[in-house]
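Q: This is a predicted model, with the sequence first.
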Amino acid sequence: MPELRVLLEGLAIGESPRWHDGRLWLSNWLTQEVVAVDLDGKSEVVASVPTTIPYSIDWLPDGRLVVTSGPEGLVLRQEPDGSLVRHADLTGLTGMDGPLNEIVVDGRGNIYVNSGSGVALIPAAGTPRQVAGGLAFGNGMAVTADGATLIVAESHGGQLSAFDIAADGSLSAGRAWARLDGGHPDGICIDAEGAVWYADVPGRCCVRVREGGEVLQAVDADRGCFACMLGGPDGRTLFVAAAEWHGFDKIWDQPRTGQVLTARAPAPHAGRP
């Protein structure tokens with residue numbers, strides 16, 4: 001793998017990168033912003049989120065942005081006029097301990113949101129419910145290209161876990177998709193060869209693995225890697241959201257060390273997000 005190059009810097013902590021409409025979008029923690037950046041490094045604030053931390057983003061099939069308002073237990077939706085409204089309230093949902101974290105929307109418009117211990121489903125039509133539990137700090141999530149499998153990073157479990165997706169969005173057959181031998185998976189994405197890239201904060205790297213855990217490629221950074229996404233015109237640019245990390249209790253005081261890094265990847269993006 002080639003070395004990572006800096007595309008954007010000056011972020012607080014970038015998270016949840018998504019390639020959308022020809023640009024990379026990501027949450028900028030601590031600034032309450034969603035930022036988009038093009039391949040020339042030109043960035044703009046595309047949404048201001050009046051919550052503690054906008055943890056993660058994705059889009060509904062009609063193109064509206066959805067954001068997890070993590071500590072508040074809410075999923076917000078951006079309307080065409082730019083305003084943010086409440087899309088779902090998960091504060092009373094059993095089995096969803098801790099703040100909401102990652103969000104991913106499947107091809108049917110169903111929304112999956114995880115927390116430290118579980119995964120919730122917000123159906124395209126219906127009432128939100130928990131669909132998986134027992135996670136060891138659930139983090140990045142992705143849906144395979146065929147829409148049949150949800151893959152979840154368990155940061156404290158050192159593995160990527162997989163669940164079968166039923167027609168109604170329910171999850172079943174939870175299993176270890178890849179055990180990572182000391183890895184701490186955070187944000188993830190899937191490529192067209194069925195491999196998963198995962199970002200690792202303490203490991204300061206992004207790693208590409210196949211099902212079963214075989215390491216295929218790795219890129220090293222000089223700071224923690226929080227999330228990664230494949231995108232660009234041909235889907236083969238690996239984008240990495242990275243920042244120095246000194247613990248959650250210190251994030252409000254640390255300088256802005258957040259960057260978006262890029263490298264060429266061996267296979268293009270697949271699946272969702």
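A: Everything's here; your move.

Q: OK, contacts around Val152?
A: Shown in contact with Val152 (CB atoms under 8 Å, 6 or more residues apart in numbering): 114, 119, 132, 135, 138-141, 160-163. (C-beta placed from N, C-alpha, C; glycine too.)

Q: most neighbours, which of those?
A: Neighbour counts for these, by other CB atoms under 10 Å, peak at Gly140, which reaches 31 neighbours.

Q: Check which helix or strand that residue maps to.
A: In this structure, Gly140 is located in strand 138-143 according to DSSP states H and E.

Q: Mind giving me the packing neighbours of that strand?
A: The contact analysis (3 or more CB pairs under 8 Å, 6 or more residues apart in numbering; DSSP states H and E) places strand 138-143 against strand 103-105, strand 111-114, strand 149-154, strand 185-191, strand 196-200.

Q: if we compare these, which one ends up closest to Arg86?
A: Of all the helices and strands packed on strand 138-143, strand 111-114 sits nearest to Arg86, with 13.4 Å by CB to CB.

Q: Which phi and psi values does the residue of the chain positioned farthest from its centre adopt?
A: Residue farthest from the centre of the chain, counting by CA atoms, centre = their mean, is Asp81 at 25.4 Å. Main-chain torsions, Asp81, degrees, to the nearest 10: phi -80, psi 0.

Q: before we move on, back to that, same list, the contacts of Val152, but as CSV with distance to Leu24 please.
A: As requested, the contacts of Val152 are exported to CSV (distance: CB to CB, whole Å):
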residue, distance to Leu24
Asn114, 22
Val119, 25
Ala132, 29
Leu135, 27
Gly138, 23
Asn139, 19
Gly140, 16
Met141, 18
Leu160, 23
Ser161, 26
Ala162, 26
Phe163, 27
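
Q: Would you reformat those residues as a markdown table and include distance to Val152 and pLDDT?
A: Putting the contacts of Val152 into a markdown table (distance: CB to CB, whole Å; pLDDT from 0 to 100) gives the following:
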| residue | distance to Val152 | pLDDT |
| --- | --- | --- |
| Asn114 | 6 | 97 |
| Val119 | 7 | 97 |
| Ala132 | 8 | 97 |
| Leu135 | 7 | 95 |
| Gly138 | 6 | 95 |
| Asn139 | 8 | 96 |
| Gly140 | 7 | 98 |
| Met141 | 5 | 98 |
| Leu160 | 7 | 98 |
| Ser161 | 5 | 98 |
| Ala162 | 8 | 98 |
| Phe163 | 7 | 98 |
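
Q: And the contacts of the strand holding Gly140?
A: With CB under 8 Å, 6+ apart, strand 138-143 has contacts from 101-104, 106-107, 112, 114-119, 149-155, 165, 185-190, 196, 198-199, 227, 271-273.

Q: one more time with 7 Å
A: 101-102, 104, 106, 112, 114-116, 119, 150-155, 185-190, 198, 227, 271-273 (CB atoms under 7 Å, 6 or more residues apart in numbering).

Q: out of the contacts of Val152, who's nearest Ser43?
A: Of the contacts of Val152, the one sitting nearest to Ser43 (CB to CB) turns out to be Gly140, at 22.4 Å.

Q: So what's the residue count around the nearest residue to Ala136 once chain neighbours are set aside?
A: Computed as CB to CB, 6 or more residues apart in numbering, the closest residue to Ala136 that is not its neighbour in sequence is Gly157, at 3.3 Å. The number of residues packed near Gly157 is 20, by other CB under 10 Å.

Q: how would you label Gly157: helix, strand or coil?
A: Here Gly157 is recorded as coil under DSSP: H, G, I helix; E, B strand; the rest coil.

Q: cool, Ser172 as well?
A: Ser172 ends up strand, using three-state DSSP.

Q: what residues are up against it?
A: With CB under 7 Å, 6+ apart, Ser172 has these contacts: 163-164, 166.
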